[in-house]
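Peer 1: Give me coordinates for this.
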Amino acid sequence: MRIDKKHIGNILFVVFIVVLLFTPLGFQIKVHVNRLISFSPSVVEKPNQKRVADYNWDLHSSENTNFNLNTAKGKVVFINMWATWCPSCVAEMPSIQKLYSSFGSEVIFLCIAQDDHDKVEAYMKKNKFTFPVYYQKSKSPKELESDRIPTTFILDKEGNIVVEKTGAADWNSTTTIDLLHSLYNNR
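Peer 2: Residues are numbered from 1 along each chain as shown. This next block holds a predicted model:
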């Protein structure tokens, strides 16, 4: 049996798809593609902004402390739901770290892992990420529910959702930085 160029091309295509879908190399390719296509998230127009009605949401931090969203009332809050096995999540983590490094004292960061605690801790240590990681202890407010990750919300001081983004984004963009400055400085 002789293999012609058409069959070789088909075999190479199948091998490429298998590598892309089922290997760590494929995961890294997906991460890099997500970074390339990540842009600044858009701001929700005022009339379309939803307000978080109930701030009662119990979280547990990776440092073994409890946190309730009620303590964030009146503050700017950045909420990101993510997992280590999600290429889009991994793609945006460096930009979240940069944003956290710039705004960690002015904005409450809640990066909520949808993953195994040990895997998250190893991932954070390997990448030298310092943003706070939380795990859900109770159901999130209905306005912050999402069945997809990554999903990110930015709340203003009144609890309005000014950014609601599903999928990877460049969180350290000028647009986001300017938005957070304006929300933080709005007294």
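Peer 1: Burial check on residue 8, number of neighbours?
Peer 2: Residues lying near residue 8 (other Cβ atoms under 10 Å) number 10. No exception for glycine: its C-beta is placed from N, CA and C like everyone else's.
Peer 1: Assign a three-state SS to the nearest residue to residue 67 once chain neighbours are set aside, would you?
Peer 2: Nearest non-adjacent residue to residue 67, counting by Cβ to Cβ, 6 or more residues apart in numbering: residue 59, 4.6 Å away. State at residue 59, reduced to three classes by DSSP: H, G, I helix; E, B strand; the rest coil: strand.
Peer 1: just checking, residue 59 touches residue 71?
Peer 2: No - using Cβ atoms under 8 Å, residue 59 is not in contact with residue 71, being 10.3 Å away.
Peer 1: Compare those two (neighbour count), which wins?
Peer 2: residue 59 (20 against 10).
Peer 1: and the more buried one, what does it touch?
Peer 2: 66, 67, 68, 69, 110, 112, 134, 135, 136, 137 (Cβ atoms under 8 Å, 6 or more residues apart in numbering).
Peer 1: so who does the closest residue in space to the third one that isn't next to it in sequence touch?
Peer 2: Nearest non-adjacent residue to residue 68, counting by Cβ to Cβ, 6+ apart: residue 58, 5.5 Å away. With contacts defined as Cβ under 8 Å, 6+ apart, residue 58 is in contact with 66, 67, 68, 136, 137, 138.
Peer 1: Residue 97 now?
Peer 2: By Cβ under 8 Å, 6+ apart, the residues touching residue 97 are 127, 129, 130, 131.
Peer 1: Surely it is in a helix?
Peer 2: Yes - judged by three-state DSSP, residue 97 forms part of a helix.
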